[in-house]
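Novice: Curious how this folds, go ahead:
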Amino acid sequence: MLSPAEARGCRVRLEAVEREQGGPLRGALRHKSRPLFTWLDAVGHHQVILDAVEDIIGPDILLWSSSFFIKEARDPAFVSWHQDATYWGLSEPDVVTAWVALSESSSESGAMRMVPGTHHEQVAHQDTFAHDNLLSRGQVAGARDSGLLVRGVDTYHYFDWLAWAYHEGHLKLDELITQQLRLKQVNGGFAGMAKGNVVRAVLLLN
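Specialist: The predicted structure follows:
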């Protein structure tokens, strides 16, 4: 939505604020920060963004929230599968989120993913309070199917969505694998994950 130059300009201003604060934005400065920064308010009124939102919900637009979701390099923080309308406690999913990247958005950098079609109805969420989850209560969407744990979050919350997305061809799991490991290589795989060299590995048991 923003041109590369506009995105760079916003990032430069954001990093200037972080330098003034003595480090990455924390707490209240990450949420509802639009009233504090005129350059962020300008993003919320960017004509390209407004036109895209109007195409979905019409011209009666209220900008009621703004947040930074910032992941520093090699930060274990993550955002679990969720629906914004449910996460915010809204009764209806008649809301639009304009997600604007201020840095390169790629698979390698952990770009946001969406499951097509899941915006039509709200699903129940559960609070996990997982330590590294950037959501306020570690909310995750979906139903309880099993008891596996990954990165401190119960993956049973994701199975409904993930299975549906995989079978419909929306989730290219095979393309996400960065390395295949034999059982005898598992310790090396964990070491690689700790160094950031392995993103998504599959353990082969045959």
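
Novice: For this structure, which segments are assigned as strands?
Specialist: Per DSSP state E, the chain carries strands over the ranges 125-126, 140-141, 149-150, 153-154, 179-182, 201-204.

Novice: Any idea which of those has the lowest pLDDT on average?
Specialist: When the strands of the chain are compared by mean pLDDT, strand 149-150 comes last with a mean of 37.

Novice: that older thread, which one of the strands of the chain lies nearest to His82?
Specialist: Among these, the nearest to His82 by Cβ to Cβ is strand 140-141 (5.1 Å). No exception for glycine: its C-beta is placed from N, CA and C like everyone else's.

Novice: Helices of the protein, residue ranges please.
Specialist: 4-21, 38-44, 47-57, 84-87, 159-167, 173-176, 186-195 (DSSP state H).

Novice: Enumerate the positions of the fourth one that are buried.
Specialist: To tie it back to what came earlier, the one meant is helix 84-87. When neighbours are counted by 16 or more other Cβ atoms under 10 Å, the buried residues of helix 84-87 are found to be 85-87.

Novice: any idea which of the residues you listed is the one closest to Asp60?
Specialist: Of all the buried residues of helix 84-87, Asp60 sits closest to Ala85, with 17.3 Å by Cβ to Cβ.

Novice: Nearest residue to the closest one in space, please, no chain neighbours.
Specialist: The spatial neighbour of Ala85 that comes closest, neighbours along the chain excluded (Cβ to Cβ, 6 or more residues apart in numbering), is Pro93 at 4.1 Å.

Novice: Check Arg13 too.
Specialist: Closest to Arg13 by Cβ to Cβ, 6+ apart is Trp39, at 4.9 Å.

Novice: wait, the one you found sits on Cys10?
Specialist: Yes - using Cβ atoms under 8 Å, Trp39 is in contact with Cys10, at 6.2 Å.

Novice: These two: which has the busier surroundings?
Specialist: Ranked by neighbour count (other Cβ atoms under 10 Å), Trp39 and Cys10 place Cys10 first, with 19 against 14.

Novice: mind checking how far the more buried one is from Ser67?
Specialist: Distance from Cys10 to Ser67, counting by Cβ to Cβ, to the nearest Å: 14 Å.

Novice: try Asp132
Specialist: 17 Å.

Novice: what does Arg8 give?
Specialist: On the measure of Cβ to Cβ, Arg8 and Ser67 end up 20 Å apart.

Novice: Report the contact partners of Ile61.
Specialist: Going by Cβ atoms under 8 Å, 6 or more residues apart in numbering, Ile61 touches 50, 53-54.

Novice: for Glu18, that is, sorry about that
Specialist: Residues near Glu18 by Cβ under 8 Å, 6+ apart: 24-25.

Novice: ok, 6 Å please
Specialist: Residues in contact with Glu18 (Cβ atoms under 6 Å, 6 or more residues apart in numbering) are Pro24.

Novice: Tell me the spacing between it and Phe37.
Specialist: 12 Å.
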